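**Student:** what would the 3D arrangement of this be:
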Amino acid sequence: MNFPSNVTVVGLGYVGLPLALAFAAELPTTGFDNDNSRVEQLRAGSDRNREVATALITASELILTADESCVTEAEFIVVTVPTPVTEDNHPDLSLLESASAMIGRRLRDRSHGAPPPIIVFESTTYPGCTEDFCGPIIERESGLKSSEGFVLGYSPERTNFGDAEHTLETVVKVVSGQTAEGAKVVSDVYSRIVKAGVHMAPNIKTAEASKVIENVQRDLNIALFNESAMIFDRMGIDSSDVFDAAGTKWNFHRYQPGLVGGHCIPVDPYYLTYAAKQVGYDANVILAGRSVNEGMIPRIVEKIQQLVAEAGQLPSGIDVLVLGQTFKGDVADFRNSKAIRLGNELFGSFNSITTFDPYGEKSEANQDPFGGDARFGAVVLAVPHSQFVESIGAVRELVAPDGVLVDLTGSIDSSQMIGSDVHFWKL
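**Tutor:** A predicted model of the protein is given here:
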């Protein structure tokens with residue numbers, strides 16, 4: 001197979017847009033999204049996700065379109081659609097299904113004699129999904145045979161939103177292909193944009209498994225620290241002091257307890273446990289970690305109620321402020337945010353619940369409390385946005401006299417509370 005003369009990226013979200021821009025700097029590249037408003041915004045240089053600067057978009061030669069026909073003659077197609085879970089925590093493959101069907105339909109009109117396109121999936125999924133689920137859909141819709149009329153590939157995304165250090169260019173890229181020849185082309189194409197280099201997985205299933213286990217590992221480690229923090233709290237021990245002490249050993253890996261939200265860490269484990277069940281194995285350890293992390297919110301609500309009572313207050317008379325609503329610090333992504341769920345869980349137990357996030361649109365429900373006169377009986381630092389953690393004094397000023405300040409992010413050192421009348425607790 002020859003090196004492709006063009007690239008088309010399907011899906012221009014958090015993963016697809018930076019990827020398309022990177023390819024466009026090396027090869028003629030088209031970015032497709034079926035959301036016409038998203039395409040129009042990008043054409044104007046505006047990324048509503050606040051991940052890519054306007055100058056990078058407007059300076060790029062990337063072609064932006066909502067017209068599916070761009071796929072027809074594409075030689076290297078990359079699919080970056082989201083892969084969430086359903087309400088009962090089963091893989092939701094609907095977006096993968098629709099993208100695969102669209103690609104298959106468009107390949108029917110491909111010019112006679114055109115080289116077989118390479119179709120690479122970056123969406124996180126379970127081992128076997130690319131070849132056993134996506135491939136047959138493309139075959140059905142296109143009338144072509146997989147590995148002959150088109151060649152599948154898989155290269156899991158490793159995007160870390162809000163992280164300027166670990167980027168597409170600086171993190172090793174795992175690549176794979178359905179055939180040895182196809183895998184070589186996938187490797188060569190990604191090598192043009194990933195300066196850290198590529199790692200060739202022996203097959204697509206291995207590459208799929210490598211992605212899902214990355215986030216399973218993080219989920220389990222955070223669960224360990226969450227559970228440990230709750231145990232140490234009942235013992236009257238500051239968990240951060242414990243982790244600091246344990247961290248002096250060379251092989252101790254430090255994680256921060258807290259809320260586990262977003263569309264990767266709390267989602268990907270269910271893809272692996274689903275696949276495990278298909279082969280007759282119950283993934284008990286993985287599901288136990290999920291249970292711990294999902295169970296943190298009711299435990300935190302109970303702890304806040306306890307702290308308020310210890311401060312001599314009745315929860316029904318307390319106004320609570322929750323700082324942060326996105327799923328992680330310094331990103332504008334509210335998907336599957338546990339901070340939002342925390343606010344909802346607190347509602348009903350206290351007099352009022354106010355939330356604020358600097359990345360949210362200004363509205364009656366999202367008012368900046370800093371600089372005003374309002375004080376709250378309990379303030380919860382739920383998301384470590386820079387605006388908050390760089391101004392802990394301002395955060396503390398939001399707490400009413402003899403009120404409660406709760407830090408779920410590990411951003412506040414206990415020494416910062418010395419001499420204060422605030423009742424402070426951190427996870």
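
**Student:** next up, the contacts around the closest residue to residue 119 other than its chain neighbours.
**Tutor:** What sits nearest to residue 119 in space, not counting adjacent residues and going by CB to CB, 6 or more residues apart in numbering, is residue 77, at 4.7 Å. C-beta here means a position set from N, CA and C on the backbone, and glycine is covered the same way. By CB atoms under 8 Å, 6 or more residues apart in numbering, the contact set of residue 77 is 7-10, 71, 103, 117-120.

**Student:** which ones are touching the nearest residue to residue 318 once chain neighbours are set aside?
**Tutor:** Spatial nearest neighbour of residue 318, excluding adjacent residues (CB to CB, 6+ apart): residue 377 at 3.6 Å. Applying CB under 8 Å, 6+ apart to residue 377 gives the contacts 308, 313, 317-320, 350-351, 399-400, 403-404.

**Student:** list only buried entries from the residues you listed.
**Tutor:** 308, 313, 318-320, 350, 399-400, 403-404 (16 or more other CB atoms under 10 Å).

**Student:** can I get those residues in a markdown table with distance to residue 233 and pLDDT?
**Tutor:** As requested, the buried ones among the contacts of residue 377 are exported to a markdown table (distance: CB to CB, whole Å; pLDDT from 0 to 100):
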| residue | distance to residue 233 | pLDDT |
| --- | --- | --- |
| 308 | 16 | 94 |
| 313 | 20 | 89 |
| 318 | 21 | 93 |
| 319 | 25 | 95 |
| 320 | 20 | 96 |
| 350 | 21 | 93 |
| 399 | 20 | 95 |
| 400 | 24 | 94 |
| 403 | 20 | 94 |
| 404 | 15 | 95 |
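
**Student:** pick the one among those residues closest to residue 110.
**Tutor:** Nearest to residue 110, judged by CB to CB, of the buried ones among the contacts of residue 377 is residue 320 at 58.2 Å.

**Student:** thinking again about what came up before, what about the residue nearest to residue 119, which SS state?
**Tutor:** Here residue 77 is strand, with the state taken from DSSP: H, G, I helix; E, B strand; the rest coil.

**Student:** would you map the strands across the protein?
**Tutor:** 7-10, 29-32, 63-65, 76-79, 118-121, 151-154, 173-177, 198-200, 319-323, 352-356, 376-381, 399-407, 423-426 (DSSP state E).

**Student:** can you tell me what sits against the second one?
**Tutor:** By CB under 8 Å, 6+ apart, the surrounding residues in contact with strand 29-32 are 6-12, 16-17, 20, 23-24, 42, 61-68, 70-71, 74.

**Student:** rerun that using 7 Å as the cut-off
**Tutor:** With contact meaning CB atoms under 7 Å, 6 or more residues apart in numbering, strand 29-32 is reached by 6-10, 12, 16-17, 20, 23, 62-65, 70-71.

**Student:** ok, now the last one?
**Tutor:** Residues outside strand 423-426 that contact it (CB under 7 Å, 6+ apart) are 240, 307, 310-311, 403-407, 410, 412, 414, 417.

**Student:** selecting buried members of those residues in ChimeraX, what would you type?
**Tutor:** Selecting only the buried entries of the contacts of strand 423-426 in ChimeraX, with 16+ other CB under 10 Å as the criterion:
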select :240,307,311,403,404,405,406,407,410,412,417
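
**Student:** by pLDDT, give me the weakest of the contacts of strand 423-426.
**Tutor:** Ranked by pLDDT, those bottom out at residue 417 (79).

**Student:** contacting residues around it?
**Tutor:** residue 424.

**Student:** same check, this time on residue 195
**Tutor:** 169-170.

**Student:** from residue 63, how far off is it?
**Tutor:** 24 Å (CB to CB, to the nearest Å).

**Student:** again, but for residue 27
**Tutor:** 12 Å.

**Student:** same check, this time on residue 200
**Tutor:** 30 Å.

**Student:** ok, the closest residue to residue 316 other than its chain neighbours - contacts?
**Tutor:** Computed as CB to CB, 6+ apart, the closest residue to residue 316 that is not its neighbour in sequence is residue 351, at 6.0 Å. For residue 351, the contact set (CB under 7 Å, 6+ apart) comprises 316-319.

**Student:** nearest to residue 1 among the residues you listed?
**Tutor:** residue 319 (64.1 Å).

**Student:** from residue 80, how far out is residue 73?
**Tutor:** Residue 73 is 20 Å from residue 80, by CB to CB.

**Student:** more neighbours: which of the two?
**Tutor:** residue 80 (25 against 17; other CB atoms under 10 Å).

**Student:** let me see the contact set for the closest residue to that one other than its chain neighbours.
**Tutor:** What sits nearest to residue 80 in space, not counting adjacent residues and going by CB to CB, 6+ apart, is residue 16, at 3.7 Å. Going by CB under 7 Å, 6+ apart, residue 16 touches 9, 31, 80.

**Student:** and the first one, how many neighbours does it have?
**Tutor:** Residues lying near residue 9 (other CB under 10 Å) number 30.

**Student:** partner residues bridging it?
**Tutor:** residue 31, residue 78 (DSSP bridges).

**Student:** just send the contacts of strand 423-426 back as TSV, with distance to residue 91 too.
**Tutor:** Putting the contacts of strand 423-426 into TSV (distance: CB to CB, whole Å) gives the following:
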residue	distance to residue 91
240	36
307	39
310	44
311	45
403	44
404	40
405	40
406	35
407	35
410	32
412	38
414	42
417	44
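
**Student:** and the residue nearest to residue 119, how far from residue 99?
**Tutor:** For residue 77 relative to residue 99 (CB to CB), the value is 10 Å.

**Student:** domains of this protein?
**Tutor:** 7-202, 295-427 (automatic domain parsing).
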